[in-house]
Structure formats: C-alpha cells, structure tokens
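Enquirer: return atomic coordinates for the entry below.
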Amino acid sequence: MEQWRLFGEELKRLRGQESLRSLARRINFNAGDLSRFERGLRKPSPEVVRLLDRELSASGRLMKIAAAALFQPDSFEGYGMSGHDDLDENGEVCMPLSRRDFIATMTLGASTPQIMFNRNADIDYLDHFRQLKRVLVDQDSLLGPTTVIPIVQQQIQVIGQLRKLNSMDIAGLLDMQTNYAEFAGWLYQDLGDFATAEYWTDRAFQWSMAAGNDAMSSYILNRKAHLSGDEGDGGETVALAAAAIRMATGDSPIKALANMRAGHGHALLGDHKAAEKAYDTAFESLDGPDLDPDLQWAGWFDFSYVAVHRARSLCTLGKYDSAVVQFREVLDTLPGRYARDRAVYLVRAAIAHAGNADVEHAAGLGLEAIAAGQGSGSGRLIKELRRLDQALTPWEGQAVEEFRDARRSLPV
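Expert: Predicted coordinates:
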C-alpha cells in the first residue's frame, strides 16, 4: 500500500487549505472516503482519480501515482496477468490484458473484458473498425464525448489484442489504433481534460511513427499544437506546428493546418505580425489541390475553419474590432451539424464583443451559445463561457444577469 500512501500525501498537498468537505462537494463525493484516500487506507476508483486530478489541477500527477501503484504485487491479484495467450477448446484466442494496457485502462477509467477471437473466421476487422468509428464520430457530434469515450478506449484495447495475432493485417491495425487514439485525445480535449488528452495524443503519435505513416504523424503533431494552444502555451504551439510542417510532404494540406496553429501560437505570444503572416500562409496553402475525402481532416478543414480560428487569435491579441468582423463573416457559413463547435465559436465572438464594450450583444451571444450547446458535455464550451463571464465582470444589467443565471444552471 506504499504507493497509495504516496497518492494520499500528494492529494493532501494539492488540497492545501481547502477542507475535505469542500473538495467532496466539488466532485460530488463522500468526505469520509476522501479522508481514507489521504491516509492510504482505501484505493480510489479510476473515475475518482481522474476527477481529483482535474479538480485540483494536478496535470496528470495523481493519475501517474495511481498508475504506479498498480505495479505493487497486491494490486494485480485476480486480474489474470499471465503474460501469454490461452487457447480454448474451440480454437478461439482468450487474451488477458497486458500490464501496460491495464495501467492505461485504470488511469483513464475504461474497462475492457476478457477478449476472444476466432482465428478461422473470414472477417474484415479493419472495415468493421472503420465503420464503427464513423458512427462514434456522429454520436459524439450528437450526444457529446462522454457517450463515446468508454467505447473508443475499449476499441483501442481490442485492436491492440488483434495486433498480437499473426494472421492479422498488423500494419493496417496499427494505423487503425492510431486513428482511434487520436480520436480519444480529441474527445478528452473537448472535455477539458488536457492531461488525458495529452496521454492519448502521445500514444497516437507513437503508433503513427511505428507504422511509418508520415502524413498521420504530421497531422498528430498538429493535434499536439492544437492542444498546447488550448492550454495557452504559445511557444510550444509554435514549435509543434513547425515540426508538423517539416514532417509534411509536398503540397499536403497539413501545412495549411500547421500554419494556422502557428498563427494562434504567435497570437498567444503577443506577436501580431507573425500571427498574421502564418494565417496568410495558411489561406494561400488552401488554394492548392482538393482534399482527399478519405483523409482524417477532409470533412472539416476549409476556409471557414481557418477564418474562425484567425478571429479567435485576433481576440487574443486584443484586436476586438477585427475579431468581431471576422466572426460575423464566418459564423453563418459553418455547417449545421457542427452545433457544438458553433456554440464554442459563438462564445469567442461574444468575448470579442465584450472587449469592444458591446455588452448586450456579448451577453446575447452567450445565451445563444448556451442554447446551442445544451447537453453537449463540452468542457471547451464551459471554459469559454467562464471566460465570457469574467469579461463581463465590469458590467451589470438585465442581459448580463440573464446570461449569468443561464451559465450557473449548467452542470460543471
């Protein structure tokens, strides 16, 4: 239990002067059990570890300690970690999870049952996973990330088990596992759980490199730049975008995407000239060949996508007039199926209006965003609404109060 004692000590340190009851209220949990965690008397569930890590801004520290605790011998009793495949009487492979996969599962709160495959069945597994991912992407758009995360994480584990069978298309499965891991990273990023998003995005990059898929590796470097930008780290965003450009080949549209990410990184650093240059380059690159419809980003990467991100960067730079104009031009051009993203962009537009002291318009857009994003489960939306609330702090009035009341009614 030594590692769990360390977990408790770190939990107590992160809690600081906050009472156990206050922390328990924040995560809707029992204060007595939190006390037992701190004293190393009880092991927290993966869900509670993740909640505590997020609420205490531990940046993955609590999750890492909890994962390390699973290396203790008493933590593995009864989990079937035999380290080899077992064959049942019907010729089907019965695969216990590997220790590494189990640790990832614990850390992220997923649960993968014992998996069985028929070696002799003529099944196109790649096509199955491809079709399933399309359904999961649609479900995420309709119902939010929390409805698909457990399924996505489980499929990553299943694909990993399939890769161990010699009769499988190992290269194809590795590419598929990369795609699912990148998707998991995005889902957690949308939730606002950056530590877990980084974990899955890093795994996706590792697998894409192992597969020798340079296009996917370059795209995932873009995703890492996107994540750094959402975390407000301009220097890291610019560096990762530059790496994505170096890895991209020919006239790849990834270069346009990377220049767009670099533009926001420069904006975070306060460099207006460099930001505008990067966005101009991104727009010019989009004049190249049409996107391959099978590419990861083909369904959403276009002029309006770059324009709405440029508007965000203008707002970051304090260029509120220009940001308002850019948002106005682009918001109505976004496809209707992207209601959640549009809600996020509406709040960013509202922040630009607040910067211009156009208070009623800002509050109105905030209310519109809340209505559009209702039930989406998007941490990005909650974060942007919080920023808008802060931007409206100097003002009072009916519109502002209506917005604040609506925001307070949202689950956090």
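
Enquirer: give me the nearest residue to residue 230, chain neighbours excluded.
Expert: The shortest distance from residue 230 to any non-neighbouring residue, by C-beta to C-beta, 6 or more residues apart in numbering, is to residue 189 (6.5 Å). C-beta coordinates here come from the backbone N, C-alpha and C atoms, glycine included.

Enquirer: for residue 144, same thing?
Expert: residue 377 is the one closest to residue 144 (C-beta to C-beta, 6+ apart), at 3.2 Å.

Enquirer: just the residues contacting stretch 363-372, thanks.
Expert: 339-340, 342-344, 346-347, 349-350, 353, 381, 384-385, 388, 392, 397, 399-400, 402-403, 406-407, 410 (C-beta atoms under 8 Å, 6 or more residues apart in numbering).

Enquirer: the residue nearest to residue 230: which element?
Expert: Here residue 189, judged by DSSP states H and E, is contained in helix 170-191.

Enquirer: mind listing the strands for the stretch 1-150 of the chain?
Expert: Per DSSP state E, counting those that start in this stretch, the stretch 1-150 of the chain carries strands over the ranges 86-87, 92-95, 115-118.

Enquirer: what stretches of the stretch 201-350 of the chain score poorly on pLDDT?
Expert: Within the stretch 201-350 of the chain, the stretches with pLDDT under 70 are 287-300, 335-337.

Enquirer: in it, which spans are helices?
Expert: With DSSP state H, counting those that start in this stretch, the ranges of helices along the stretch 201-350 of the chain come out as 214-230, 234-247, 254-268, 272-285, 303-316, 320-331, 339-355.

Enquirer: just say which of the ones you listed is most tucked in.
Expert: helix 254-268 (a mean of 27; mean count of other C-beta atoms under 10 Å).

Enquirer: for it, packing partners?
Expert: Counting contacts by 3 or more C-beta pairs under 8 Å, 6 or more residues apart in numbering; DSSP states H and E, helix 254-268 is packed against helix 214-230, helix 234-247, helix 272-285, helix 303-316.

Enquirer: between that helix and helix 214-230, how many degrees?
Expert: Calculated by axes from the mean of the first three to the mean of the last three C-alpha atoms, to 10 degrees, helix 254-268 forms an angle of 20 degrees with helix 214-230.

Enquirer: report the distance from helix 254-268 to the chain centre.
Expert: Computed by C-alpha atoms, centre = their mean, to the nearest Å, the chain-centroid distance of helix 254-268 equals 18 Å.

Enquirer: please apply the same query to stretch 360-374.
Expert: 23 Å.

Enquirer: ditto for stretch 239-246
Expert: Its chain's C-alpha centre and that of stretch 239-246 lie 20 Å apart, by C-alpha atoms, centre = their mean.
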